[in-house]
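>>> fold the following, please.
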Amino acid sequence: MRRSLTAALLSMTLAGPALAQGQPPLRCAVDGTFAPHAFPTMQGGVQGFNVDLFKEVAKRLGRELTIDSASFSGLIPAMNAGRYDFLCAPTTATRERAENMLFTEGYLYTAFQFGIRRGSAPIRSMDDLRGKAISVNKGSAYDAWAQANASRYGFTVQTYDTQPDAVQAVVSGRAYANLGGNTVVRYAATRTPQFVPDFVIRETRAHWSAPLPMGATALRVQIENALECMKKDGTIARLSQQWFGSAPAEDDAENTVFPGTGVPGLPGYDPTPREPRC
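Here you go, the predicted structure:
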């Protein structure tokens, strides 16, 4: 029964752009201050990896797309109130969130990563941080992790009001390494030649996914199918290299079509086999 239901859903939602004619634009939102995922253009709009990613998704669905820019803290409540069909903002898929919304499979992995000054000894394990200073953006998840683990690994924490200030602390020699999100660290390296991405804390890796309201199963299949086709033809990997400065690995989420629908292991995941229809 489940297989036939999934097949019927696919035939209704993936019949092609021609059936999308006359439908209203899809509505999504981003945090427009989160470079390189979404940040202002000189003309007053937004640009970035996630903007390009979901414009291409909408194009493949034969739909127009409107993208609002707002504070991330208000995006999920606004979506659940019906203002948005889904969120274009990179959103970490967690068990708690998955209890209250649907997620597509991940299109990127988010992970904690260190950046160091070019020429510094690379970090090969957490033991290499002992006796060193780590810079973080004040109030971030990386700040919280560093404060909680400073004694365990023997490093000190320097907090800065912005991520660029935390990066500059490394470049100037005030701190040995900066701890941030992997995509943000990679992007900072494209803008600051003396700053290079380094050690990734792999156990912090999680899916960055597109969240949708509970019940939006048909739209989830449409968006996930488009994302999977973009993985298969290399579109997401090319956007990743363009915006983050380096090509993703073969086993990174940009290149991985996950089984079923949603994020494996989280509430709302549908394990029913489903081949991308491109």
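>>> quick check: what element follows the longest strand along the chain along the chain?
Ranked by number of residues, the top strand in the chain under DSSP state E is strand 195-209. Following strand 195-209 in sequence order, the next helix or strand is strand 211-212 (DSSP states H and E).
>>> and residue 215, that's in a strand?
No - Residue 215 is assigned coil when assessed by DSSP: H, G, I helix; E, B strand; the rest coil, not a strand.
>>> report the contact partners of the closest residue to it other than its chain neighbours.
In this structure, residue 215 finds its nearest non-sequential neighbour in residue 102, 7.9 Å apart by C-beta to C-beta, 6 or more residues apart in numbering. For the C-beta atoms, the positions are set from N, CA and C on the backbone; glycine is no exception. Residues near residue 102 by C-beta atoms under 8 Å, 6 or more residues apart in numbering: 211, 212, 213, 214, 215, 216, 217, 220, 262, 268.
>>> and the gap between residue 102 and residue 138?
According to C-beta to C-beta, to the nearest Å, residue 102 stands 33 Å off from residue 138.
>>> quick check: buried residues in the helix or strand hosting residue 149?
According to DSSP H and E, residue 149 maps onto helix 141-153. Buried residues in helix 141-153, counted by 16 or more other C-beta atoms under 10 Å: 141, 142, 143, 145, 146, 149, 153.
>>> what comes into contact with it?
With contact meaning C-beta under 8 Å, 6+ apart, helix 141-153 is reached by 112, 126-127, 129-130, 134, 136-137, 155-157, 159, 179-181, 204.
>>> now the buried members of those.
112, 129, 134, 136, 137, 155, 157, 159, 179, 180, 181, 204.
>>> need those residues in a markdown table with pLDDT, can you?
Below are the buried ones among the contacts of helix 141-153 laid out as a markdown table (pLDDT from 0 to 100):
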| residue | pLDDT |
| --- | --- |
| 112 | 97 |
| 129 | 97 |
| 134 | 98 |
| 136 | 95 |
| 137 | 92 |
| 155 | 98 |
| 157 | 98 |
| 159 | 95 |
| 179 | 97 |
| 180 | 94 |
| 181 | 94 |
| 204 | 94 |
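>>> any idea which of these is closest to residue 120?
Within the buried ones among the contacts of helix 141-153, proximity to residue 120 (C-beta to C-beta) peaks at residue 129, which comes in at 12.0 Å.
>>> the nearest residue to the closest one once chain neighbours are set aside and residue 139: what is the separation?
The shortest distance from residue 129 to any non-neighbouring residue, by C-beta to C-beta, 6+ apart, is to residue 155 (4.4 Å). Distance of residue 155 to residue 139, given as C-beta to C-beta: 19 Å.
>>> which residues in the stretch 1-150 of the chain form helices?
Using DSSP state H, counting those that start in this stretch, the helices assigned to the stretch 1-150 of the chain run over residues 2-13, 49-61, 75-80, 95-98, 141-153.
>>> buried residues in stretch 160-170?
Within stretch 160-170, the residues that qualify as buried are 160, 163, 166, 167, 168, 169, 170, counting by 16+ other C-beta under 10 Å.
>>> the first one bridge partners, please.
According to DSSP bridges, the partner residues bridging residue 160 are residue 137.
>>> contacts only, for it.
135, 136, 137, 138, 166, 169.
>>> got phi/psi on the fifth one?
Same thing as residue 166. Dihedral pair for residue 166: phi -70, psi -40, per degrees, to the nearest 10.
>>> narrow the buried residues of stretch 160-170 to those in helices?
Among the buried residues of stretch 160-170, the members falling in helices (DSSP state H) are 163, 166, 167, 168, 169, 170.
>>> how close does the last one get to residue 122?
In other words, residue 170. Taking C-beta to C-beta, one finds residue 170 at 13 Å from residue 122.
>>> and if you look at the first one?
Taking C-beta to C-beta as the criterion, residue 163 is separated from residue 122 by 21 Å.
>>> how about the second one?
Relative to residue 122, residue 166 is positioned 19 Å away (criterion: C-beta to C-beta).
>>> ok, residue 98 next?
36 Å.
>>> of these two, who's got more company?
More crowded of residue 98 and residue 122, by other C-beta atoms under 10 Å: residue 98, with 19 against 10.
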